[in-house]
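> With the input below, show me the fold.
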Amino acid sequence: MKWNQFRLTTTTEAEDIVSSMLMDLGIQGVQIEDKVPLTQGDKEQMFVDILPDMPEDDGKAYLTFYLDEDEDTGTILMQVRRELEEMRSYLDVGECTIEESQTEDVDWVNNWKKYFHQFYIDDILVIPSWENVEPKDQDKMIIHIDPGTAFGTGMHETTQLCIRQLKKYVTEDTEILDVGCGSGILGMLALKFGAKHSVGTDLDPCAIDATHENMEVNGIRKDQYEVMIGNIIDDKEVQDKVGYEKYDIVVANILADVLIPLTPVILHQLKAGGIYITSGIIDVKEEVVVEAVKASGLEVLEVNHQGEWVSVTARKN
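This is a model prediction of the structure:
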């Protein structure tokens, strides 16, 4: 089966209303593309920083949707255009051109698998469930993880920077807190490196399921870790549940704008002598994060780079 693809040009002002109209007509899965800058709230939901060279907002929005080749596309498009003309009387809907193309039948669920293959992080092999471990890799540390709804397969430079620091500082007595745990990969690897116990927090409910799944498939017992939803920066209940002055390591792989308010808070979760490992920092924001760490009374031990990304490691003295 083939799909008819349609790309509708409208305005950022109208994109939400037009998208809603399409769904009211029975069109599902509308994809919106625009250049609207992210709000602070949007940024706080991200796990790593955005690149600084984002294009300027030009006021245009592109809505892409698909129709089955057996559907009456002529009638549907006529309804879409009629609705757009009615909107034009009270809203700037832009040029409203609709480009049509056709796509081949795609296994939408599994097609992405061809882009994710096993890879190494130094001497660690990260492998998805649909690939096999080769004999030459049997003696390596092997992590089984699939891309999913929560951030963290180990491919991103910021994750790799954190992993290397964990490998350096984890001991058999380590209690670790992972803020913004995503897929749970950092807590899981800390346990693989020999840590005693891991606690993870995240704002996204998907992270809870993803962490449980990844821990289980990698042989981590349920009594070795805990994961919870909540914002540790301003939620006293989460802070109390996580606990105070009990962690040998706190790791946070999240964007710089969140690390800055997080750092003075997380100081209370760290033991004296505890290690604070941060990443998710684009290089142009290195200085502000380092200054925030110092301003909280932490001693900066290392600043490491990989590509455009930075990791800052500090200690609570």
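> check contacts around V217.
Counting by CB atoms under 8 Å, 6 or more residues apart in numbering, V217 touches S129, H144, I145. C-beta: built from backbone N, CA, C; applies to glycine.
> which of the residues you listed has the most neighbours?
Neighbour counts for the contacts of V217, by other CB atoms under 10 Å, peak at I145, which reaches 23 neighbours.
> Please tell me how far it sits from R221.
According to CB to CB, to the nearest Å, I145 and R221 sit 18 Å apart.
> now do I124
As for I124, its distance to R221 is 20 Å (criterion: CB to CB).
> more crowded one of the two?
For I124 versus R221, neighbours defined as other CB under 10 Å are more numerous around I124 (19 against 9).
> so the more buried one sits right up against M188, yeah?
No - using CB atoms under 8 Å as the test, I124 is too far from M188 to be in contact (11.2 Å).
> what do those two both touch?
Taking CB under 8 Å, 6+ apart as the criterion, I124 and M188 both touch I143.
> For burial, what's the neighbour tally of G230?
For G230, the count of nearby residues is 15 (other CB under 10 Å).
> OK, contacts around it?
G230 is in contact with T201, L203, E237, V238, K241, counting by CB under 8 Å, 6+ apart.
> by contact count, what packs against the helix or strand hosting T278?
Element membership of T278 [criterion: DSSP states H and E] is strand 270-282. Applying 3 or more CB pairs under 8 Å, 6 or more residues apart in numbering; DSSP states H and E, one finds that strand 270-282 contacts helix 157-169, strand 247-253, helix 256-266, helix 286-295, strand 309-315.
> which of the residues in that strand are buried?
For strand 270-282, a neighbour-count test (16 or more other CB atoms under 10 Å) marks L270, G274, I275, Y276, I277, T278, S279, G280, I281, I282 as buried.
> Check stretch 251-269 too.
Buried residues in stretch 251-269 (16+ other CB under 10 Å): 251-260, 262-263, 266-267, 269.
> Go ahead and produce CSV holding the CA coordinates of stretch 276-294.
What follows is stretch 276-294, C-alpha atoms only, in CSV (Å, rounded to 0.1, in the frame of the first residue of the first chain):
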residue,chain,number,x,y,z
TYR,A,276,28.5,16.2,41.1
ILE,A,277,28.7,15.2,37.4
THR,A,278,26.9,17.4,34.9
SER,A,279,26.5,17.4,31.1
GLY,A,280,24.0,18.4,28.5
ILE,A,281,25.9,21.7,28.2
ILE,A,282,26.5,23.3,24.8
ASP,A,283,30.0,24.8,24.7
VAL,A,284,28.8,28.4,24.5
LYS,A,285,27.3,27.9,28.0
GLU,A,286,30.3,26.3,29.6
GLU,A,287,31.3,29.4,31.5
VAL,A,288,27.8,30.1,33.1
VAL,A,289,27.5,26.5,34.3
VAL,A,290,31.0,26.5,35.8
GLU,A,291,30.3,29.8,37.6
ALA,A,292,27.0,28.4,38.9
VAL,A,293,28.8,25.3,40.2
LYS,A,294,31.4,27.5,41.9
